[in-house]
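K.L.:
What shape does this take:
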Amino acid sequence: MKRFLPWLLISCSTAAWAQDMDDVITVYDTRRTTLSAPLSVDLINGSEIDTTALVHPAELLNRVAGVNIHRGSGQEHLTAIRSPVLVGGAGAGSFLYLQDGVPLRAAGFANVNGLFEGGTEFARQIEVIKGPGPATYGSNAVHGLINIVSRDVDNYRRLKVMGSDRGFASVQAIVPVSDGFQIASSLTHDSGFRENSGFDQQKIELKYQGSFGHQWDVDWLTAFNNLNQETAGFLQGDDAYLDDDLRFTNPNPEAFRDGKSYRTQARFERYVLDGQTKLALTPYARRAELRFLRHFVPGQALEKNAHNSIGLQTALYKDDDYNIGVDVEYSEGSLYEFQANPTRFSFTQGLHYDYDVKSFVGAVYAEKDVRLADDLILDLGLRAEYTSYDYTNNASVGVSGRFIRVGDRKDGFLTVTPKASLQYIASDHVRLYARAARGSRAPQVTDLYSVQQNQVAGEADVETLDSLEAGLKWRDGNWQVELAGFTMWKDNFFFRNANGFNVVNGKTRHVGAELSFSGALTDWLSVSGDGTLAKHTYDFTLDEGSPANNITSGDRVDTAPNTLAHMRLTARPSSSLMAEIEWRHMGSYFTNPGNTASYPGHDIFVLRSSFDVSSEVSIFGRVDNLFDARYADRADFAFGNERYFPDRPRTVFLGLSSEF
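P.N.:
Sure, this is the predicted structure:
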């Protein structure tokens, strides 16, 4: 705590600028329709989403400086936002995924692959907040958050079809049904480029925008997602991803992932008090189900988990002045894990876990904007959140290999996360900012109750991340440049080591700089890109007697490259024709905590083009991995082996879109 005493160091960062830098910078938020953005936020607009013609959310989100999402098999992924790529409970609990401001999952029951449950196909905008989130959000908004903003209801019908030369096909449609009401649907099939892999996914969204009574504005969304995936496992062995005899194979043809999610939410908003203050109420309900084979560990146990939630978000706010609110959420969840395969090492045959957890989360928050001068804005925020878990063990209490089944218990956690920011408007073209913020999260349910050897029940504690950030924003005409530097300290880091054991009370340090830019070279040629230079290190020492598990303070955190970069050159020789080439750079990184194994990184290229046949119809195409490079989407080291998800070979996609 002593290193974070300067809470009066303050911050503001904005990545979405209005046409005039004197205008209010706005971010979509279900608490506030316009929110001056006192934090680092990137907005990906609908035209960029359409241009990318994404197959997986990583293809779009990795265009944001500081973001590094490793794609796994099918729709799987692991996320990094100003962080290493995190796995397990750390990966699930360190990033908050939302749609229209409501988390896709309850905080303690998060999904490390959570983006596949969101409606990115239908998004009007995607917001990426880097670093601890604003006071309006609590647990899991630690390293950052991703908010998928659904498309507004209008009178246009939209159809998009796309296919590839390697068995991918998708159909997306958005159809207005009546005034204020529309249905969006997506059907996707991928045969997979590896043996016995691929997936089928269906998504449906129902949306209504209108009024309720004579005073309330209402924005209602109901969404359903179904994923059936045949999962391809890791290739094992030194540089296995380079071997053409291996990279198309699947050592785990039995692996799968089946997931369903159901969500409904409605934002009700009206003016109260003086006619300038608004009250927003957002009730919601959700259910998520997931069933998969844990192919990534010896024993390959079957895991089934699910949870149901109901909740309410509230806000009383006045634009550019204050925002206060109370949030409550109740969830009931379960987890069952059983290994049918024979015992391997400490992964024992039979039942590992069978438990239920009831969770309650209650929070209060407040934000206040203070204009100290015409060119100086102070923003303060504070959130207090209490999380309680009521755990019931449905199996015998005891030890089975590495797995410990603990008796019934109750646990509670309080987090308090202050935020402070300052923005200086130096001129019509330049803004400077500084920011101090704390992010924290209560432990995941699996952190607490899927207990393993060398761990004590209830030992996992609140994880905190303290962040200082400063930067500069410059815009002049068609050119825009943003530069940010940050330093962060994380305490009570709960993670899984290279042998799959849980480690509690870890500490890490994060230092980095980010640059993004865009501009017009001519009236038909533009350039844009981003770059990240960062150093992520362990800030504690751990010796478990094995080189794979040794951690020395100052060691690099695994799966944390020093450099990330993307650059795009876009040509629009006419109003109907667009062509773009994109360069993606991944720097080298260590693949294990002991820094004894590494991946060299890679550079790949993507080519895109589109042509408007008419005002209603467009055709488009893209070539992934243009030069057919051999690389790994993900590399790691576990259980004594180098492991890889190999790259997708050069793939051609063609599609047609229509709006009428």
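K.L.:
Just the C-alpha atoms of stretch 215-229, please, in PDB.
P.N.:
Provided in PDB are the C-alpha atoms of stretch 215-229 (Å, rounded to 0.1, in the frame of the first residue of the first chain):
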ATOM      1  CA  GLN A 215     -41.700   8.700 -18.900                       C
ATOM      2  CA  TRP A 216     -39.300   5.800 -19.200                       C
ATOM      3  CA  ASP A 217     -37.000   5.100 -22.200                       C
ATOM      4  CA  VAL A 218     -36.300   1.400 -22.500                       C
ATOM      5  CA  ASP A 219     -33.500  -0.500 -24.200                       C
ATOM      6  CA  TRP A 220     -34.100  -4.300 -23.900                       C
ATOM      7  CA  LEU A 221     -31.800  -7.100 -25.100                       C
ATOM      8  CA  THR A 222     -32.300 -10.900 -25.000                       C
ATOM      9  CA  ALA A 223     -29.500 -13.100 -26.300                       C
ATOM     10  CA  PHE A 224     -28.800 -16.800 -26.800                       C
ATOM     11  CA  ASN A 225     -25.500 -18.500 -27.700                       C
ATOM     12  CA  ASN A 226     -24.800 -22.200 -28.400                       C
ATOM     13  CA  LEU A 227     -21.400 -23.600 -29.200                       C
ATOM     14  CA  ASN A 228     -20.500 -27.200 -30.100                       C
ATOM     15  CA  GLN A 229     -16.800 -27.500 -30.600                       C
END
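K.L.:
Any idea how far the helix or strand in which residue 336 is found is from the middle of the chain?
P.N.:
Assigned by DSSP states H and E, residue 336 belongs to strand 322-339. Strand 322-339 sits 18 Å away from the centroid of its parent chain (C-alpha atoms, centre = their mean, to the nearest Å).
K.L.:
same thing with stretch 222-236?
P.N.:
Relative to its chain's centre, stretch 222-236 lies at 17 Å (C-alpha atoms, centre = their mean).
K.L.:
Buried residues, that stretch. List them.
P.N.:
Buried residues in stretch 222-236, counting neighbours by 16 or more other C-beta atoms under 10 Å, are found at 223-225, 227, 229-235. (Each C-beta comes from the backbone N, C-alpha and C, glycine too.)
K.L.:
can you tell me which residues contact the closest residue to residue 271 other than its chain neighbours?
P.N.:
Of all residues not flanking residue 271 in the chain, residue 278 sits nearest, at 5.8 Å (C-beta to C-beta, 6 or more residues apart in numbering). Shown in contact with residue 278 (C-beta atoms under 8 Å, 6 or more residues apart in numbering): 32-33, 269-272, 315-318.
K.L.:
now, among the residues you listed, which is nearest to residue 482?
P.N.:
Checking these against residue 482 by C-beta to C-beta gives residue 32 as the nearest, at 23.1 Å.
K.L.:
what's in contact with stretch 41-55?
P.N.:
With contact meaning C-beta under 8 Å, 6+ apart, stretch 41-55 is reached by 13-16, 27, 59-61, 63-65, 120, 123-130, 151, 162, 168, 170, 190, 516, 578, 580, 608, 610, 620, 622, 653, 655, 657.
K.L.:
Now that stretch: average pLDDT?
P.N.:
Mean pLDDT, stretch 41-55: 88.
K.L.:
Extract the CA atoms of it and return them as CSV.
P.N.:
Taking Å, rounded to 0.1, in the frame of the first residue of the first chain, the C-alpha atoms of stretch 41-55 are listed here in CSV:
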residue,chain,number,x,y,z
VAL,A,41,-10.4,3.6,-23.6
ASP,A,42,-10.3,2.5,-27.3
LEU,A,43,-13.4,2.5,-29.4
ILE,A,44,-13.7,0.1,-32.4
ASN,A,45,-16.5,1.4,-34.5
GLY,A,46,-18.9,-0.5,-36.7
SER,A,47,-17.2,0.3,-40.0
GLU,A,48,-13.9,-1.2,-38.6
ILE,A,49,-15.8,-4.3,-37.5
ASP,A,50,-17.3,-4.7,-40.9
THR,A,51,-13.9,-4.1,-42.7
THR,A,52,-12.2,-6.7,-40.6
ALA,A,53,-14.8,-9.4,-41.5
LEU,A,54,-13.8,-11.1,-38.3
VAL,A,55,-14.0,-14.8,-37.8
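K.L.:
List the buried residues for that stretch?
P.N.:
Buried, per 16+ other C-beta under 10 Å, within stretch 41-55: 41-44, 48-55.
K.L.:
need those residues in a markdown table with secondary structure, can you?
P.N.:
Below are these laid out as a markdown table (DSSP: H, G, I helix; E, B strand; the rest coil):
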| residue | secondary structure |
| --- | --- |
| 41 | strand |
| 42 | strand |
| 43 | strand |
| 44 | strand |
| 48 | helix |
| 49 | helix |
| 50 | helix |
| 51 | helix |
| 52 | helix |
| 53 | coil |
| 54 | coil |
| 55 | coil |
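K.L.:
any chance of the residues you listed in JSON lines, plus distance to residue 105?
P.N.:
Listed next are the buried residues of stretch 41-55 as JSON lines, based on distance: C-beta to C-beta, whole Å:
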{"residue": "41", "distance to residue 105": "22"}
{"residue": "42", "distance to residue 105": "23"}
{"residue": "43", "distance to residue 105": "23"}
{"residue": "44", "distance to residue 105": "22"}
{"residue": "48", "distance to residue 105": "26"}
{"residue": "49", "distance to residue 105": "23"}
{"residue": "50", "distance to residue 105": "27"}
{"residue": "51", "distance to residue 105": "29"}
{"residue": "52", "distance to residue 105": "25"}
{"residue": "53", "distance to residue 105": "27"}
{"residue": "54", "distance to residue 105": "22"}
{"residue": "55", "distance to residue 105": "23"}
